[in-house]
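**Q** got a sequence here, can you build the structure:
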Amino acid sequence: MYPFQNIEPKWQKYWEENKTFRAKEDEKFPKEKRRYVLDMFPYPSGAGLHVGHPEGYTATDIYCRYLRMNGYNVLHPMGYDAFGLPAENYAIKTGTHPATTTFQNIDHFTQQIKALGFSYDWDRCVITCTPDYYKWTQWIFLQLYKKGLAYEAETPINWCPSCLTGLANEEVKEGHCDRCGAQVTHKVIRQWILKITAYGDRLLEDLDGLDWPDSVKAMQRNWIGRSEGAEVDFTVADKDGKPTDQKLRVYTTRCDTLFGATYMVVSPEHPLIEKLTTAEQKDAVTKYREQAAKKSDLERTDLAKDKTGVFSGSYAINPVNGKLIPIWVADYVLISYGTGAIMAVPAHDTRDWDFAKKFNLPIIEVLKSEVDVQTQAWTEDGVHVNSEFLDGLNKKDAIAKMLEFLEEKKIGKKAVNYKLRDWVFSRQRYWGEPIPLVHCPKCGTVAVPESELPLQLPDVKTYQPTGTGESPLAGIDSWVNCKCPQCGGDARRETNTMPQWAGSCWYYLRYLDPKNDKAFCDKKTENYWMPVDLYVGGAEHAVLHLLYARFWHKVLYDLGVVSTKEPFQRLINQGMITSFAFQRKNKSLVAVDAVTEKDGKFYANDDNEELERVVAKMSKSLKNVVNPDEMIKTYGADSVRMYEMFMGPLTVSKPWNTQGLIGVNRFLDKIWQVSDKPMSDVDITGKVEADVAGLRKTYAKTVAKVTKDTASLDFNTAISQMMIFINEASKMNSIPKAMWEGFVLMLSPYAPHLGEELWSKLGHKESNAYESWPTFSEEFCVEDTKEIVVSVNGKVRDKFTCAADTPKEELENLAKQTEGYKKFTDGKTVVKVIVVPGKLVNIVVK
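**A** Numbers count the residues shown, from 1 in each chain. Reported below is the predicted structural model:
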């Protein structure tokens, strides 16, 4: 057994003391020889790492070590996304300051990460909750504010009644808080919002130039949801049906169907709802709005089988035909899309049709249909009918003519809309970046001077959210009460804090220049490294971190402080490492420790129901989390690293199986045993003995395969080829030293501790981290023999082996000597013989 317990700590200490992987902005490396390789920012949770976390880290580490050996200057940093709800929720329960918990967790994470031998430049480590970091997060926020991209509004938001804070749409999963799982409701609250929609077109257009998975690009495109249509103003009528000065604006992609609009719907949160509701309907509308506030967007739309609504008591005037149409309040219309009001065309929209049928509202066909629109909606296209000046026109022409009409009458205009909403940026919590703004009765909202940044968090006695929409900071008078930076009068600080996403929006830039106290990043340094050449992380961040970071980066690009339009040129999503769990017939899962195995079958301990073993995500509740600390202690870090890469392709999810880890551990032990064989000084490029020639061919193939597969991140197949080489090498009495040195260098990115020890064992005094990657002549990869297929009329009938350079005539003769040829040509006439050297002989017979 190779002594990993001694080897691994030894080389980890060596790398740390010698700062082996410290990156420098060395101008001798041209731009094409620089690589910035990044792992997604980990949040240091109390649970620490499980074996799924190191998968992406191992992949980038192998790639970085490979690049260094190929003459690249590599930046590969690590840090921590340290603000967030878990630490504050823990503080609320225990009274422990979030900083205390967070830094304890960071120490644990760092210890676990270093134990795996990753080649990070730890001198560049950043932590988002330290004042020297969030000073620049606040600085970036001020630039957004000065550009008009940060604004304050009373707005309905997703509200978590458990966390007592607002949530962005991206933090709501199937109607539940992504953090704690509580049912999400809605609440109108004072919020700071970032105008990400101002960059909607650019966020869409610039996706085309990125080397990202198509699935992630599609998710971002769908989330942004750009559509072209029209904004149309409907005049609100008084109780006698006469026009008022009040307008109700809608956004529609089908303005050509205006003649079919028979009612309007506003969302329960619409700002005009108070004015639209008549006295007679006030109680009904108020009650309905209260019920709607308890539902998530998903419950109101995708999950809503039964349409609900209430009449506001008001009417609007259809701008194209002057007809009075009722205005309803219904929760299937969201304030977060379009204008929060729609014109309903029930004949040609399924949701509108359902609503119209339930509440007995008119249905008017305006697109020639193949069905009776009184019995079902027609949602396909058709020529226009019942539409006056649009009759007989197709969709494209009708939209163009209606837009012309609306603009001429000044009752509508062409518009672009996004499903993407502006980013609700504030949180009613303590543990986040303070928003550097002051509210002054005289001057309004004023930015904290940049010279006074960072605006630091004060010490607090309680972390409990108020539940009213204000954060715990609101109760600290000594911090809240301040002087206005503009007039010097009494003022109050902003008490909302930034969301966890703020710090992770730009951390990749701070890695470049983490000690700079004059700027978030030196421009020359930024230009040296950016953009990130390879970014590896989970696909779950597709419309969260990745979209937000792209938005901030584009703002910084417009400010002239970064040199690239996009931050991350190439993105790889690693697959999830799963585990096993046990499933009942009703599909519910049972924890691993609540199951008994008997005769190869599995039974629930509580009721003895037979269970099916299934692949499932690792989770504490299922008791199927595999701790990497235990695996490293038992089998070594190199075994864990290589096993995670050997499990399958990087981008595919696969279940953890400790038996597989044991197999890889045995492979590394076999390498250690082979290293004890005598090493010869034979020239492996010249004439050698037959046994060495055979190993040389395998070695040459291994160099070619491992080089190609490591460069393309196909690590599992590279490891397979190394196993083939070791199997052959283990049969040798001695091994050419030059060949073994080359193998050790190829092994080192994958099993760096063992690789360094073997390199040292060969007599080298320095680390092999910057040694040149092995090369070998392709001539040694060429096979001496070839297997030739014999086919008759296109069907394989036999095979034979011959020298690789056997000429055509001899191949034909050899084919004719095979039993397959004799059997399937007997009694037949050979019409033609087709010979493909090195591959096949095909005989055509009658």
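**Q** could you pull out the strands in the stretch 51-200 of the chain for me?
**A** For the stretch 51-200 of the chain, strands defined by DSSP state E, counting those that start in this stretch occupy the ranges 73-75, 150-160, 165-167, 172-173, 176-177, 185-194.
**Q** can you map out the helices along the stretch 201-350 of the chain?
**A** 214-224, 273-276, 282-292, 297-300, 350-358 (DSSP state H, counting those that start in this stretch).
**Q** counting by contacts, list what the last one packs against.
**A** Spelled out, it's helix 350-358. strand 341-344 (3 or more CB pairs under 8 Å, 6 or more residues apart in numbering; DSSP states H and E). Backbone N, C-alpha and C define where each C-beta goes, glycine included.
**Q** contacts for the strand it packs on, please.
**A** The contact list for strand 341-344, computed with CB atoms under 8 Å, 6 or more residues apart in numbering, reads 232, 234, 248-250, 252, 258, 261-267, 270, 318, 333, 352, 355-356, 361.
**Q** same thing but 7 Å
**A** Strand 341-344 has contacts (CB atoms under 7 Å, 6 or more residues apart in numbering) with 248-250, 252, 258, 261-266, 270, 333, 352, 355-356.
**Q** cool, and stretch 708-725?
**A** Contacts with stretch 708-725, where a contact means CB under 7 Å, 6+ apart, come from 59, 62-63, 66, 572, 642, 645-650, 667, 698-699, 702, 705-706, 743, 746-747, 749-750.
**Q** what's the ChimeraX syntax to select whichever of those residues are buried?
**A** This is the ChimeraX syntax for the buried subset of those, where burial follows 16 or more other CB atoms under 10 Å:
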select :59,62,63,66,572,642,645,646,647,650,667,698,699,702,705,706,743,746,747,749,750
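**Q** just the ones of the contacts of stretch 708-725 in helices?
**A** Among the contacts of stretch 708-725, the members falling in helices (DSSP state H) are 59, 62-63, 66, 642, 645-646, 667, 698-699, 702, 705-706, 743, 746-747.
**Q** poorly predicted segments of the stretch 251-400 of the chain, please.
**A** When residues are selected by pLDDT under 70, those of the stretch 251-400 of the chain lie in 302-304.
**Q** can you give me the strands for it?
**A** With strands called from DSSP E, counting those that start in this stretch, the stretch 251-400 of the chain shows them at 263-266, 310-317, 324-329, 341-344.
**Q** and what of the stretch 401-550 of the chain?
**A** Taking DSSP E, counting those that start in this stretch as the criterion, the stretch 401-550 of the chain carries its strands at 412-418, 423-424, 437-440, 444-447, 481-483, 490-493, 534-537.
**Q** what comes into contact with the second one?
**A** Just to be clear, that refers to strand 423-424. Applying CB under 7 Å, 6+ apart, the contact partners of strand 423-424 are 157, 166, 168, 191, 193-194, 196, 548.
**Q** how about low-confidence regions in this structure?
**A** Using pLDDT under 70, the chain drops low at 168-170, 302-304, 467, 469.
**Q** I'd say residue 192 and residue 155 touch.
**A** No - in this structure, residue 192 is not within contact of residue 155 by CB atoms under 7 Å, at 10.1 Å.
**Q** who's more crowded, these two?
**A** Under the neighbour definition other CB atoms under 10 Å, residue 192 and residue 155 were set side by side, and residue 192 has more, 24 against 19.
**Q** partners of that one in the sheet?
**A** Following DSSP bridges, residue 192 is listed with bridge partners residue 152.
**Q** need the winner for burial among the strands of the stretch 51-200 of the chain.
**A** strand 165-167 (a mean of 25; mean count of other CB atoms under 10 Å).
**Q** adjacent strands (with direction) for that strand?
**A** The partner list of strand 165-167 in its sheet, established with DSSP bridges, is strand 150-160 (antiparallel).
**Q** how much does the strand it pairs with deviate in direction from helix 282-292?
**A** 80 degrees (axes from the mean of the first three to the mean of the last three CA atoms, to 10 degrees).
**Q** circling back: tabulate the strands of the stretch 251-400 of the chain (TSV), appending distance to residue 786.
**A** Shown next, in TSV, are the strands of the stretch 251-400 of the chain (distance: least, CB to CB, whole Å):
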stretch	distance to residue 786
strand 263-266	74
strand 310-317	81
strand 324-329	78
strand 341-344	70
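**Q** with mean neighbour count added, can I get these in a markdown table?
**A** Formatted as a markdown table, the strands of the stretch 251-400 of the chain follow (neighbours: other CB atoms under 10 Å):
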| stretch | mean neighbour count |
| --- | --- |
| strand 263-266 | 25 |
| strand 310-317 | 23 |
| strand 324-329 | 20 |
| strand 341-344 | 24 |
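**Q** hmm, back to that, now render the strands of the stretch 51-200 of the chain as TSV, adding distance to residue 715.
**A** Below are the strands of the stretch 51-200 of the chain laid out as TSV (distance: least, CB to CB, whole Å):
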stretch	distance to residue 715
strand 73-75	17
strand 150-160	40
strand 165-167	38
strand 172-173	32
strand 176-177	36
strand 185-194	39
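**Q** tell me who's in contact with the residue nearest to residue 157 when sequence neighbours are not counted.
**A** Spatial nearest neighbour of residue 157, excluding adjacent residues (CB to CB, 6 or more residues apart in numbering): residue 166 at 4.2 Å. By CB under 7 Å, 6+ apart, the contact list for residue 166 reads 157-159, 189, 191, 424, 427-428.
**Q** any chance of the strands of the stretch 401-550 of the chain in a markdown table with mean neighbour count and distance to residue 812 as columns?
**A** Listed next are the strands of the stretch 401-550 of the chain as a markdown table, based on neighbours: other CB atoms under 10 Å; distance: least, CB to CB, whole Å:
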| stretch | mean neighbour count | distance to residue 812 |
| --- | --- | --- |
| strand 412-418 | 18 | 69 |
| strand 423-424 | 22 | 73 |
| strand 437-440 | 21 | 87 |
| strand 444-447 | 15 | 87 |
| strand 481-483 | 13 | 96 |
| strand 490-493 | 18 | 91 |
| strand 534-537 | 23 | 51 |
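**Q** quick one: closest of these to residue 211.
**A** strand 534-537 (9.1 Å; CB to CB).
**Q** tell me the strands beside the closest one, with direction?
**A** strand 34-39 (parallel), strand 571-573 (parallel).
**Q** could I get those strands as a markdown table with distance to residue 595?
**A** As requested, the strands paired with strand 534-537 are arranged in a markdown table below (distance: least, CB to CB, whole Å):
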| stretch | distance to residue 595 |
| --- | --- |
| strand 34-39 | 35 |
| strand 571-573 | 32 |
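**Q** if we can go back for a sec, tell me the one of the ones in helices among the contacts of stretch 708-725 nearest residue 102?
**A** The nearest member of those to residue 102, counting by CB to CB, is residue 59 at 26.9 Å.
**Q** just confirm the closest one contacts residue 650, I think it does.
**A** Yes - using CB under 7 Å, residue 59 is in contact with residue 650, at 5.4 Å.
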